[in-house]
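>>> Here is my input, please return the structure:
(4 chains)
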4 protein chains.
Amino acid sequence: MNQDYFKNIDKIKFEGKDSDNPLAYKYYDASKIVMGKTLKDHFKFAMAYWHSMNDNGADPFGRLTNLYPWNKETDFMQQAKNRADAAFEFLQKMGFDYFCFHDIDLIQEGASLLETEKRVGQIAEYIKGKQKETGMKVLWGTANCFSNPVYMNGAITNPDFRVASRAAAQIKIAFDTSMELGAENYVFWGGREGYLSLLNTDMKRELDHLATFFNKMVEYGQKQGFNGNFFIEPKPAEPTKHQYDFDAATVVGFLNQNGLQDHFKLNIEVNHATLASHTFEHELQVSANAGMLGSIDANRGDNQNGWDTDQFSINLYETIEAMLVFLKSGGLQGGGINFDAKVRRNSTDLEDLFIAHIQGADTFARGLISAEYILTKTPYAKMLKERYESYDSGQGNSFENAKLSIEDLYKIGINQSEISHTSGKQELYESILANSF
Amino acid sequence: MNQDYFKNIDKIKFEGKDSDNPLAYKYYDASKIVMGKTLKDHFKFAMAYWHSMNDNGADPFGRLTNLYPWNKETDFMQQAKNRADAAFEFLQKMGFDYFCFHDIDLIQEGASLLETEKRVGQIAEYIKGKQKETGMKVLWGTANCFSNPVYMNGAITNPDFRVASRAAAQIKIAFDTSMELGAENYVFWGGREGYLSLLNTDMKRELDHLATFFNKMVEYGQKQGFNGNFFIEPKPAEPTKHQYDFDAATVVGFLNQNGLQDHFKLNIEVNHATLASHTFEHELQVSANAGMLGSIDANRGDNQNGWDTDQFSINLYETIEAMLVFLKSGGLQGGGINFDAKVRRNSTDLEDLFIAHIQGADTFARGLISAEYILTKTPYAKMLKERYESYDSGQGNSFENAKLSIEDLYKIGINQSEISHTSGKQELYESILANSF
Amino acid sequence: MNQDYFKNIDKIKFEGKDSDNPLAYKYYDASKIVMGKTLKDHFKFAMAYWHSMNDNGADPFGRLTNLYPWNKETDFMQQAKNRADAAFEFLQKMGFDYFCFHDIDLIQEGASLLETEKRVGQIAEYIKGKQKETGMKVLWGTANCFSNPVYMNGAITNPDFRVASRAAAQIKIAFDTSMELGAENYVFWGGREGYLSLLNTDMKRELDHLATFFNKMVEYGQKQGFNGNFFIEPKPAEPTKHQYDFDAATVVGFLNQNGLQDHFKLNIEVNHATLASHTFEHELQVSANAGMLGSIDANRGDNQNGWDTDQFSINLYETIEAMLVFLKSGGLQGGGINFDAKVRRNSTDLEDLFIAHIQGADTFARGLISAEYILTKTPYAKMLKERYESYDSGQGNSFENAKLSIEDLYKIGINQSEISHTSGKQELYESILANSF
Amino acid sequence: MNQDYFKNIDKIKFEGKDSDNPLAYKYYDASKIVMGKTLKDHFKFAMAYWHSMNDNGADPFGRLTNLYPWNKETDFMQQAKNRADAAFEFLQKMGFDYFCFHDIDLIQEGASLLETEKRVGQIAEYIKGKQKETGMKVLWGTANCFSNPVYMNGAITNPDFRVASRAAAQIKIAFDTSMELGAENYVFWGGREGYLSLLNTDMKRELDHLATFFNKMVEYGQKQGFNGNFFIEPKPAEPTKHQYDFDAATVVGFLNQNGLQDHFKLNIEVNHATLASHTFEHELQVSANAGMLGSIDANRGDNQNGWDTDQFSINLYETIEAMLVFLKSGGLQGGGINFDAKVRRNSTDLEDLFIAHIQGADTFARGLISAEYILTKTPYAKMLKERYESYDSGQGNSFENAKLSIEDLYKIGINQSEISHTSGKQELYESILANSF
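Okay, here's the model as predicted:
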């Protein structure tokens, strides 16, 4: 195996929290047991092919800054192989078992969809070979139906059926390729499914088209014997002004209304949550409430900037709150933690890629360890249970079980003598959180 | 009838757009026919009791600035009667037929809920008398389950059943009172239904309690012979950090998931839409898509401030886009346009109340007239229809009718030769909008 | 002259507000007199070379959608000439007299700065020839020190002096070229002058470098006999997280603190104002207060999106408020109205460029006409004067003239008997605005 | 001394990080030496009288939830004494030496300013007595010129001179009282100095009035022998839409332009920084750059809510970045760390006040310890120095010292051969930060 893109970097080891080696894990000890399960099994860490292998540092005001060595090759097939080599070398050095990809992350798009299909098929063969050698797995695959200008007015929700059918064909290819590579899940990210101006948009018709398509994909998946999950990844804005998959609640509602709830789960991205004016933990909880917490795209946004900055996770407060929901909900249904994050465009050393992923993995490890600590060593769980105990028995319980009419409730409520204040103890809860690491 | 709170102000007349009288309508000619219906019938303009009669100009940093003459009386019953007198005088002078209210807008809350019930019953009698005299109607009533400190941890979603039952009792009283006054609809505004910190919150349990309660209210309403609509009014934040009724899509999903969809519709507030990172027209359209566009709370927010500023509508661009959805959706289901807006706290002249409402009414009138113009005198409708015409027949239509499998779609899509770009013409649509007034 | 890029489009004419021709001015009658001056002279409308001639519709998630015919040529010099031809044809058809440019808008950047210098010199000759033929003028020129990856850590404020000196050299070339083309002004737009993370940044040292450079540019400009203005264009974020020229107040303070106030003015962009949590009119007023209102970059943002959307002006409310400041401040000092705006990336018809600019020009024309109306035909000016009249004479005037000590003020203030409330009449002011068009 | 409001709470002790006692310090060991100085001396922790003693939990949608025992007394003088007793008991139990206050925090405002003056004088005597007994000091005093409705149109910037003079008189009283109590500093918080709508505002005239007043206050302070600092506390919005003291850069510019720079420093509040789209550390650095970093109002905002939530500090990332600026700038000039934060309105236990302040103090202590670690035990300082070393000698140094003309810079810059990319290493810097605690 060709392992020389990251020559000066050895396999990343766990060295513990006192290490001052930027190229070592301080908290992510893959075999450490938390709540009865190894960190590795909890997380199923995955590399995002697009950011870590394809990203080039371009931004809306500037050209590429990072032409990675594996992308310098101009022959598209050789370039794709180089990129795959770099990807597998990176995964092995990080100690990750998974990656996620869009179809055209793997290889440059062709001039026609037919040509793209051919290319994707060829590189898939090559990657399959590397998977066999290394045991690396695909957490999920997806189709990029947003970069190609043909999708400027939408993909499946395009007002022009020709484009919608092209998108459908591309998605079929990406799905077939994902199955070929043993993908455990398949993601639909809304991309350009949304609108820029309601003036020129028939929102209902577009959403109905989307629902029809998803139902057909369910049928197709079943026919192909796909055992994994379909995921939808909510995002409120970007690239369109109004993305149809605004947030978890919107997506859950859409799935329920269209008979898709048994076949789909949610892939929650941190920065998409914050762009939708929610917290990460809120979106996880909404998904878990619906029994649809499928997977996580790990990153962080910048609260001062209004777009998707896709920075690596660093914030323990946010991560611990997320890991509390994660543990209380029994983890992810089929998915894992995919680092959908990119180094800053001026982080042009190859080691920066490693430092960033290490920090991301350490943040999740430390977060989960703290969450376990909170749940098992502090009064947290007891405090929370007691807060709701009036519903565990008596009239409260009857209400909870829908056994009280409005007249019953009136009779109980009207006779409440002065109800003394019960502190919400938010500062105490926060203090428990802040002192858990 | 005691008509002397607004002595120097006569009944507001329609004087046309060239009038320079700030106390005259320039666009709202109640009897003008637009799309086959009078403006009066389209809109059913309503005064919001809380803002126009009770508001006192207090803000988080300052005490009341507007102690309205009718509120100066210290005897609570006489004060309430004075306020009702002022309300009816105001309505008559504005030429509005409707008002909306919370229970404790009508009269000061008592020391206990029982005492409040008694007071509300008494003032309701007085108001009923005034309705008979004047023909004024109630667009909707609601309960204020957020001002009283007992609700600091929530009302129906309170972790303490005692408080939840008290809220239920209060809502029953408010609902009964609304029926007594002939309310055409009843609104649930989330108030403190939401959470401040997920750390101390069992979100799923709280939402289940809310759903149970709503189902019981449906039963109760049916038993009482209520013919109106129940409305939910989405809002993303304030007073709690995370309100459960975040936006229209969240509420529609919640209603569907809990079997409430046939009994509830949505009351969309402009400023709540913008606080949720949506446009007003977006929220109307989402409601209309679900067949649940019930009513409108008319106001505007301030894009530079992150809270509910509740200013009077002035923005024609926003209003015309809204009126396009309104007309295309067949208007509101049971509701009307309620001016849920307040004068600035330093607008302390009584005439300011009139100037503000006139501007609000004129904005809606002008907006509807422009929307009719766009739909009937410009190429707008034709342009929009043509944009989607590939779904009106042939393969596109088969797809729309769910007759194509993924394999079918693939066959069509893979053979698309180069698809030429079709301009979205957004600037042309916007130019039509901008030149419609 | 080669005039055939816009074959089907004739010179845009003023047809008045009842025209339904999307390719005609409805309000912008260049020769119309407003406040004693033609609209043409008030505005000095300019085309932004980058958006209208170079922009290609790429966004962070998608490749170019608009490869304009003049940019299809692959020979860089011929391409540049084609682009210039298109630019002049566009200007003549729009009836605009001005354009604005960055150095590398004119021609593709070379592999080295020396090569770029040569190219820019050559195309400048060509453009000069076209200017002579047509009378077209340059409102301002500037240097693009942000697209080239060499500037990824900043241009003049780069931590590496090599890059800073390269930026200085590029700016000298751009400035010389601007003078060569008779530019009336020269703009500094902060581009990558700012920082991504304070952790790796010495903010003070970077700002001192910037001030030193500007002072040297003042010296250089004087030596070259430059009679125009230097402008700084504030922007809060993008491309760096924290741009040093955050807003007008920040820039005015920086100029004053560094002895630059007599040589610089501000170029205010609408969307930069709104991204900084200000209104457009606020930024104009802050600039005018400092005697530094130089020029305007006309566009609009999207209040639901947190980045620079650079849409064409359409909002009369915003524009009228701006035009009130504009008229009250005596207009712009040396600058004009530059349409720093782009069509949406899915607006791919060439006519969309015209429709968008027409709407922009009409918005400013209509806004100025309304502002004149407000100032001359309504009670607005009188109301505003009276609001402050307590400072026009007596003790208020003594205070204004700094003749009262704190002890004096105390003696006056402590004896104020109850001060009755004076309404701010905001709704009345807004009603005057809303009824001015 | 009457010490019985917090009966069940003993003096808070430092117990170290392994303590699970919510009523103990885990990191704030007052006598611990960091960078050569005790934590106590670094911070000068202060209690904010208004939040901790007066706040009652009211919000824009709800009445008071926290009627503290010391405020239940209805006689205004006895109530004020009770409140002072509680304040001193709280300070002693927390181990804080300082408090900050507005005039009317100390005692209820009277019906007239004269009456208020009398009341404030009387309670000041009482407090002075308690200061003598306990050694407690005043970090700063200020005047509340925003709660009283007389200020609804502004205080010193009111369009009506009568109100401005009343504000001046009130400020003189507050300043005299502050001096009487030995205040080390005096703060001007903009309160209602700003505007709601530019339509009815003469911004320049209002700002000139403010500058005149500040200059008179400087004269007055000097005459009275005031040795402390005047502080201005920037805030972007709330209560007015546009506060004149938007952010640090705006205030520094204003001070410089009005000759006030030698007499004023800045008091930076965390949540005001974030509301202005800046980071806390940014605002500290801007102040430090100007030599004006005076004091800190410690709290945190909520990134999901657009108003001043004034929560207690908990975020180590934010605090460590702030403490890096703090240490590098040589600490605060005259000020200290004032906990301008409040418990949530549903945190109604008296112990919640303690838990919240403890967490705040621990966050700052832990943050400072981490900042010392970063500066002394990691490569951070060296990395940062090397990043700018091209300016430490040679041509870069000549540029820094303003010895190079534009022509000189051109000669250097034009000859730069390809400049290789230097990584900004942001992820490495962030990793150092994340692993410092």
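
>>> Going by C-alpha atoms from here, please, whenever you check contacts or count neighbours.
OK.

>>> Low-confidence stretches in chain A?
Within chain A, the stretches with pLDDT under 70 are A:1-3.

>>> What is the longest helix of it by residue count?
helix A:350-377 (DSSP state H).

>>> Which positions in it come out as buried?
Buried residues in helix A:350-377, counted by 16 or more other Cα atoms under 10 Å in any protein chain shown: A:350-375.

>>> tell me the strands in chain A, going along the chain?
Listed in chain order, the strands of chain A (DSSP state E) span A:13-14, A:24-25, A:33-34, A:37-38, A:46-48, A:98-102, A:137-142, A:185-189, A:194-195, A:229-233, A:242-243, A:264-269, A:293-297, A:337-339.

>>> Check which helices and strands the first one is in contact with.
When contacts are defined as 3 or more Cα pairs under 8 Å, 6 or more residues apart in numbering or on different chains; DSSP states H and E, strand A:13-14 packs onto strand A:24-25.

>>> re earlier: turn the strands of chain A into TSV, columns for distance to D:Met35.
Formatted as TSV, the strands of chain A follow (distance: least, Cα to Cα, whole Å):
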stretch	distance to D:Met35
strand A:13-14	32
strand A:24-25	29
strand A:33-34	38
strand A:37-38	41
strand A:46-48	41
strand A:98-102	45
strand A:137-142	48
strand A:185-189	50
strand A:194-195	55
strand A:229-233	48
strand A:242-243	51
strand A:264-269	41
strand A:293-297	40
strand A:337-339	38
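
>>> Deepest in the core, which of the ones you listed is it.
Sort those by mean neighbour count, taking mean count of other Cα atoms under 10 Å in any protein chain shown, and strand A:264-269 sits at the top with a mean of 28.

>>> Sheet partners, orientation included, of that one?
strand A:229-233 (parallel), strand A:293-297 (parallel) (DSSP bridges).

>>> got the angle for the first one vs strand A:185-189?
Strand A:229-233 and strand A:185-189 are oriented at 20 degrees to each other (axes from the mean of the first three to the mean of the last three Cα atoms, to 10 degrees).

>>> Show me what from chain A comes close to chain C.
Residues of chain A that fall close to chain C, judged by Cα under 8 Å from any Cα of the partner chain: A:59-65, A:146-149, A:152-153, A:237, A:239, A:241, A:304-307, A:345-346.

>>> Can you tell me which of those residues are classed as buried?
Buried subset of those (neighbour count, 16+ other Cα under 10 Å): A:59, A:61-65, A:146-147, A:149, A:152-153, A:237, A:239, A:241, A:304-307, A:345-346.

>>> If we check chain B, which of the residues you listed are in contact?
Checking these against chain B (Cα under 8 Å from any Cα), the matches are A:Asn153.

>>> Is the residue nearest the centre of chain A bridged to anything, and to what?
By Cα atoms, centre = their mean, the mean C-alpha position of chain A lies nearest to A:Asp297, the distance being 2.3 Å. Note on A:Asp297: beta-bridge partners by DSSP bridges are A:Glu269, A:Asn338.

>>> my read: it touches A:Asn338, true?
Yes - counting by Cα atoms under 8 Å, A:Asp297 does reach A:Asn338; the two are 4.9 Å apart.

>>> Near chain D, which residues of chain A? Just list them.
Residues of chain A lying near chain D by Cα under 8 Å from any Cα: A:17, A:22, A:274, A:277-279, A:303-304, A:314-315, A:317, A:343-344, A:346-349, A:352, A:355-356, A:359, A:421-428, A:430-431, A:434-435.

>>> Narrow these to those in helices?
Cross-referencing the residues of chain A next to chain D against helices under DSSP H gives A:Thr274, A:Tyr317, A:Asp352, A:Ile355, A:Ala356, A:Gln359, A:Gln426, A:Glu427, A:Leu428, A:Glu430, A:Ser431, A:Ala434.

>>> ok, now which ones touch the fourth one?
Counting by Cα atoms under 8 Å, 6 or more residues apart in numbering or on different chains, A:Ile355 makes contact with A:Pro22, A:Leu23, D:Glu427, D:Leu428, D:Ser431.

>>> Next one: the fourth one relative to A:Phe146, how far apart?
Applying Cα to Cα, to the nearest Å, the value for D:Leu428 to A:Phe146 is 32 Å.

>>> hmm, back to that, of all the strands paired with strand A:264-269, which one comes closest to D:Asn200?
Nearest of the strands paired with strand A:264-269 to D:Asn200, taken as Cα to Cα: strand A:229-233 at 46.9 Å.

>>> Just list the residues touching A:Gln131, thanks.
With contacts defined as Cα under 8 Å, 6+ apart, A:Gln131 is in contact with A:Lys137.

>>> Name the nearest residue to A:Leu207, ignoring sequence neighbours.
Nearest residue to A:Leu207 in three dimensions, chain neighbours excluded: A:Thr157, at 6.9 Å (Cα to Cα, 6 or more residues apart in numbering or on different chains).

>>> what about the nearest residue to A:Ser398 once chain neighbours are set aside, how many neighbours?
In this structure, A:Ser398 finds its nearest non-sequential neighbour in A:Leu404, 6.3 Å apart by Cα to Cα, 6+ apart. Neighbours of A:Leu404 under the rule other Cα atoms under 10 Å in any protein chain shown: 18.

>>> In this structure A:Leu404 contacts A:Gly396, no?
No - A:Leu404 is not in contact with A:Gly396 according to Cα under 8 Å; the separation is 9.3 Å.

>>> who's the closest residue in space to A:Ser178 that isn't next to it in sequence bridged to?
Nearest non-adjacent residue to A:Ser178, counting by Cα to Cα, 6+ apart: A:Gly141, 5.3 Å away. According to DSSP bridges, the partner residues bridging A:Gly141 are A:Phe101, A:Tyr186.

>>> Isn't A:Gly141 up against A:Asp105?
No - look at A:Gly141 against A:Asp105 with Cα under 8 Å: they stay out of range, at 10.3 Å.

>>> now the residue of the stretch 151-300 of chain A found nearest chain C: how far from A:Arg192?
Here the stretch 151-300 of chain A gets closest to chain C at one residue, A:Met152, 5.7 Å apart by Cα to the nearest Cα. Distance of A:Met152 to A:Arg192, given as Cα to Cα: 7 Å.

>>> Give me the common contacts of the two.
Residues touching both A:Met152 and A:Arg192 (Cα under 8 Å, 6+ apart): A:Phe146.

>>> got the CA coordinates for stretch A:267-285 in CSV?
Below are the C-alpha coordinates for stretch A:267-285, written out as CSV (Å, rounded to 0.1, in the frame of the first residue of the first chain):
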residue,chain,number,x,y,z
ASN,A,267,-28.4,13.0,10.5
ILE,A,268,-27.9,16.0,12.7
GLU,A,269,-25.1,18.5,12.0
VAL,A,270,-24.0,20.8,14.7
ASN,A,271,-23.5,23.9,12.6
HIS,A,272,-26.8,23.3,10.8
ALA,A,273,-28.5,23.2,14.2
THR,A,274,-27.0,26.5,15.3
LEU,A,275,-27.8,28.2,11.9
ALA,A,276,-31.4,27.2,12.6
SER,A,277,-31.4,29.1,15.9
HIS,A,278,-31.3,25.8,17.8
THR,A,279,-28.7,24.1,19.9
PHE,A,280,-27.1,20.9,18.8
GLU,A,281,-28.6,19.1,21.8
HIS,A,282,-32.1,20.4,20.9
GLU,A,283,-31.9,18.9,17.4
LEU,A,284,-30.6,15.6,18.8
GLN,A,285,-33.5,15.5,21.3
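
>>> Nothing else from me, thank you.
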